[in-house]
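> Predicted model and sequence follow; I will ask about them next.
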Amino acid sequence: VSLGRVGDMFGRVRMYNLGFAIYTLFSILLSVTWLSGPAGALWLIIMRIFQGVGGAFLFANSSAIITDAFPDNQRGLALGINGVAAIGGSFIGLIVGGVLAPIEWRLVFLVSVPFGLFGTVWAYVKLVDNGVRKPARIDWWGNLTFAVGLISLLTGIVYGIQPYGGSAMGWTNPGVLAAIVGGVLTLVVFLRIERSVADPMFRIPLFRIRAFSAGNIANLLGALGRGGLQFMLIIWLQGIWLPQHGYSFVETPLWAGIYMVPLTVGFLVAGPVSGVLTDRFGARPFATGGMIGVAVTFALLEVLPVDFGYPWFALLLLAMGLSMGLFSSPNRAGVMNSLPPDQRGAGAGMMTTFQNAAQVLSIGVFFTVITIGLAATLPTTLTSGLIAHGVPAPIAHKVGSEPPIGALFAAFLGLNPIKEVIPAAVLGHLPAAQRATLTGRAFFPHLITGPFGTGLHYAFDFAIACSLIAAVASWLRATAAARPWA
């Protein structure tokens with residue numbers, strides 16, 4: 001939001017170009033770290049923060065630049081292609097990361113550098129600023145309270161999915177509660193500031209525009225429903241399906257990305273097509289239909305068994321991608337078309353911030369639901385399974401009492417979960433046959449199939465509800481872009 005507003009004031013292309021340069025610089029710094037352990041982790045976190053600032057320059061201004069450059073009857077296609085580039089790149093990154101990470105983890109960051117260098121030079125040479133600039137003062141208090149409030153809220157959500165004390169989750173952690181409550185209260189103060197300053201960062205009057213407010217509500221709910229989907233599908237593939245079908249745990253990150261390609265293909269096809277249709281017939285029918293399609297696909301995923309046949313899974317991923325693409329381009333075009341020319345950067349930044357914040361919240365919800373499902377039955381089944389294969393009872397009970405979130409993240413990182421939770425000395429004293437069974441490709445996936453499936457159903461129910469409410473919000477947008485609610 002801050003950098004979109006700055007783009008309105010000082011030039012959107014200038015801010016966009018600066019974003020490419022910042023992102024590239026910190027991609028290099030991420031890949032050349034000489035530190036290790038906690039110091040190395042802290043270095044990566046700090047460099048990622050500044051890399052994120054560069055990304056924010058890009059995301060906050062790209063939609064506004066395209067809206068400035070194209071007339072009303074061509075923006076749907078233009079924004080659709082822009083969305084396809086962003087989503088397509090993110091999913092292709094899954095595959096590229098899966099290839100590069102086993103070779104050298106620094107390559108995961110370094111691979112961005114050539115693209116960043118090319119983008120920096122290309123943007124400076126080719127982009128022309130057609131936007132309307134409106135001189136204003138920077139809203140320092142608004143920027144400060146918004147940053148503190150949102151960071152506090154999202155940090156609380158992230159730490160809420162980590163274990164605390166004897167609980168599998170951290171939602172009772174006083175630090176988590178303080179971060180969430182403090183973040184909400186700070187955002188309330190932020191809203192009061194924005195209603196009183198002369199040049200607010202967050203343009204609250206924009207919500208009087210029906211197409212803007214309805215489109216943002218639909219965007220937020222859509223992101224809330226699907227934000228955790230990618231993580232759930234990856235864990236489903238890496239923790240259960242791929243090992244049961246002959247893939248070692250270390251291979252699963254790469255193959256999970258490959259098996260999820262139909263999702264990307266669907267989005268790549270639907271994004272530009274829905275953009276063209278939006279230019280001719282308006283955003284409302286396609287954005288609404290896309291959200292209904294997402295809800296139907298989630299319902300069909302619930303029917304799919306955990307150990308599915310891949311053609312059906314691929315077909316549902318394709319349908320999900322088509323539905324997301326059918327919603328995304330028309331919704332963004334409808335929102336951007338509704339904005340006054342001098343406030344497009346602020347409006348685009350608001351829309352992107354809502355989407356990103358909802359995705360983080362969605363991850364918290366999805367992981368919470370899945371972990372609750374696992375915590376109900378996994379400790380007992382894991383303990384009994386370990387004892388049955390020769391693990392001493394005290395060790396088995398200790399491992400069984402560990403929070404299940406650790407096993408989920410082990411699978412997500414391509415590690416063998418059993419090797420991560422059972423001490424190497426204990427495994428080393430077991431007979432070779434028992435050790436092979438415990439660390440094989442069938443033991444852990446078989447243990448979590450039932451509990452994971454139960455949690456997955458609850459998560460999909462939540463996503464269906466969000467998608468249907470988003471469809472209603474999308475339908476409530478006016479056919480005339482600037483029509484107010486009143």
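Now that the structure is in, tell me what you want to look at.

> Give the next helix or strand downstream of the helix or strand Gly93 falls within.
Gly93 belongs to helix 75-100 when assigned by DSSP states H and E. Using DSSP H and E, the helix or strand that directly follows helix 75-100 along the chain is helix 106-110.

> rewinding a little: so for the helix holding Gly93, mean pLDDT?
The predicted model gives helix 75-100 an average pLDDT of 78.

> Kindly report the same for stretch 232-245.
87.

> Mind listing residues that contact that stretch?
Defining contact as CB atoms under 8 Å, 6 or more residues apart in numbering, one finds that stretch 232-245 is touched by 249, 251-253, 255-256, 259-260, 263, 306-308, 317, 366, 370, 407-408, 411-412, 414, 417, 441-442, 444-446, 448-449, 452, 456, 459. In this view, the C-beta of every residue, glycine as well, is placed from N, C-alpha and C.

> of those, buried ones?
249, 251-253, 255-256, 259-260, 263, 306, 308, 317, 366, 370, 407-408, 411-412, 414, 417, 441, 444-446, 448-449, 452, 456, 459 (16 or more other CB atoms under 10 Å).

> list the buried ones in the helix or strand containing Ala425?
For Ala425, the host element (DSSP H and E) is helix 424-428. By neighbour count on 16+ other CB under 10 Å, the buried set for helix 424-428 is Val426, Leu427.

> I'd like the next helix or strand past it.
Helix 424-428 is succeeded, C-terminally, by helix 432-438 (DSSP H and E).

> residue ranges of the helices in the stretch 251-400 of the chain, please?
252-259, 261-281, 284-303, 310-337, 344-388, 393-400 (DSSP state H, counting those that start in this stretch).

> any chance of those helices in TSV, plus distance to Gly52 and mean pLDDT?
Converted to TSV, the helices of the stretch 251-400 of the chain look like this (distance: least, CB to CB, whole Å; pLDDT from 0 to 100):
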stretch	distance to Gly52	mean pLDDT
helix 252-259	22	84
helix 261-281	23	86
helix 284-303	27	92
helix 310-337	21	90
helix 344-388	10	82
helix 393-400	36	85
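
> now, of the ones you listed, which is deepest in the fold?
Comparing the helices of the stretch 251-400 of the chain by mean neighbour count (mean count of other CB atoms under 10 Å), helix 310-337 ranks first with a mean of 24.

> just to revisit the earlier point, now for the helix holding Ala425, which elements pack on it?
helix 432-438 (3 or more CB pairs under 8 Å, 6 or more residues apart in numbering; DSSP states H and E).

> Pull the residues that contact the helix it packs on.
Leu386, His389, Gly390, Val391, Ile418, Ile422, Leu427, Gly428, Leu430, Phe443.

> For the fifth one, grab the count of nearby residues.
One way to gauge burial is a neighbour count; for Ile418, by other CB atoms under 10 Å, it gives 25.

> Now for it: which residues touch it?
Leu438, Thr439, Phe443, Phe444.

> Derive a ChimeraX selection command for the buried subset of those.
The buried subset of the contacts of Ile418, as determined by 16+ other CB under 10 Å, is captured in ChimeraX by this line:
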select :438,439,443,444
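
> of the contacts of Ile418, closest to Gly225?
Using CB to CB, Phe444 comes nearest to Gly225 of these, at 28.7 Å.

> one step back: other residues contacting the helix holding Ala425?
Applying CB under 8 Å, 6+ apart, the contact partners of helix 424-428 are Val391, Pro392, Ile395, Lys419, Arg435, Leu438, Thr439.

> Could you rerun that using 10 Å?
386, 390-392, 395-396, 399, 418-419, 434-435, 438-439 (CB atoms under 10 Å, 6 or more residues apart in numbering).

> Stretch 17-26 now?
3, 6-7, 10-11, 46-62, 109, 112-125, 127, 129.

> okay, now the residue lying closest to Tyr259 once chain neighbours are set aside: neighbour count?
In space, and not counting its chain neighbours, Tyr259 is closest to Leu237: 5.9 Å by CB to CB, 6 or more residues apart in numbering. Residues near Leu237, counting by other CB under 10 Å, number 23.

> Quick check: the gap between the residue of the chain most remote from its centre and Pro392.
Most distant residue from the mean C-alpha position of the chain: Pro431, 43.1 Å away (CA atoms, centre = their mean). Counting by CB to CB, to the nearest Å, the separation of Pro431 from Pro392 is 13 Å.

> likewise Arg284?
64 Å.

> swap in Ser152?
In terms of CB to CB, Ser152 sits 44 Å off from Pro392.

> who has more neighbours, the two?
Shown here are Ser152 and Pro392; by other CB under 10 Å, Ser152 has more neighbours (20 against 13).

> Would you mind listing the buried residues in the host helix or strand of that one?
Element membership for Ser152 (DSSP H and E) is helix 140-160. Judged by neighbour count using 16+ other CB under 10 Å, the buried positions of helix 140-160 are 141-143, 145-146, 148-150, 152-160.

> What helices and strands are in contact with that helix?
Of the remaining helices and strands, those touching helix 140-160 by 3 or more CB pairs under 10 Å, 6 or more residues apart in numbering; DSSP states H and E are helix 2-10, helix 174-194, helix 344-388.

> From the chain's centroid, how far away is that helix?
17 Å (CA atoms, centre = their mean, to the nearest Å).

> That helix versus helix 2-10: what angle between them?
160 degrees (axes from the mean of the first three to the mean of the last three CA atoms, to 10 degrees).

> now helix 140-160: mean pLDDT?
Rounded mean pLDDT across helix 140-160 is 88.

> could you give the angle of that helix to helix 174-194?
160 degrees.

> Helix 140-160 versus helix 344-388: what angle between them?
Using the same axes, to 10 degrees: helix 140-160 against helix 344-388 is 20 degrees.

> out of the contacts of Ile418, who's nearest Leu224?
Phe444 (30.2 Å).

> CA-only coordinates of stretch 369-385, as CSV, when you get a sec.
C-alpha atoms of stretch 369-385 as CSV (Å, rounded to 0.1, in the frame of the first residue of the first chain):
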residue,chain,number,x,y,z
VAL,A,369,-7.2,-27.6,10.8
ILE,A,370,-4.8,-30.3,9.5
THR,A,371,-2.8,-30.3,12.7
ILE,A,372,-5.9,-30.6,14.8
GLY,A,373,-7.0,-33.6,12.7
LEU,A,374,-3.5,-35.2,13.1
ALA,A,375,-3.2,-34.5,16.8
ALA,A,376,-6.4,-36.4,17.5
THR,A,377,-5.2,-39.7,16.3
LEU,A,378,-1.6,-39.6,15.1
PRO,A,379,0.1,-39.9,18.6
THR,A,380,-1.6,-43.2,19.4
THR,A,381,-1.1,-44.7,16.0
LEU,A,382,2.5,-43.6,15.7
THR,A,383,3.3,-44.8,19.2
SER,A,384,1.8,-48.3,18.6
GLY,A,385,3.3,-48.5,15.2
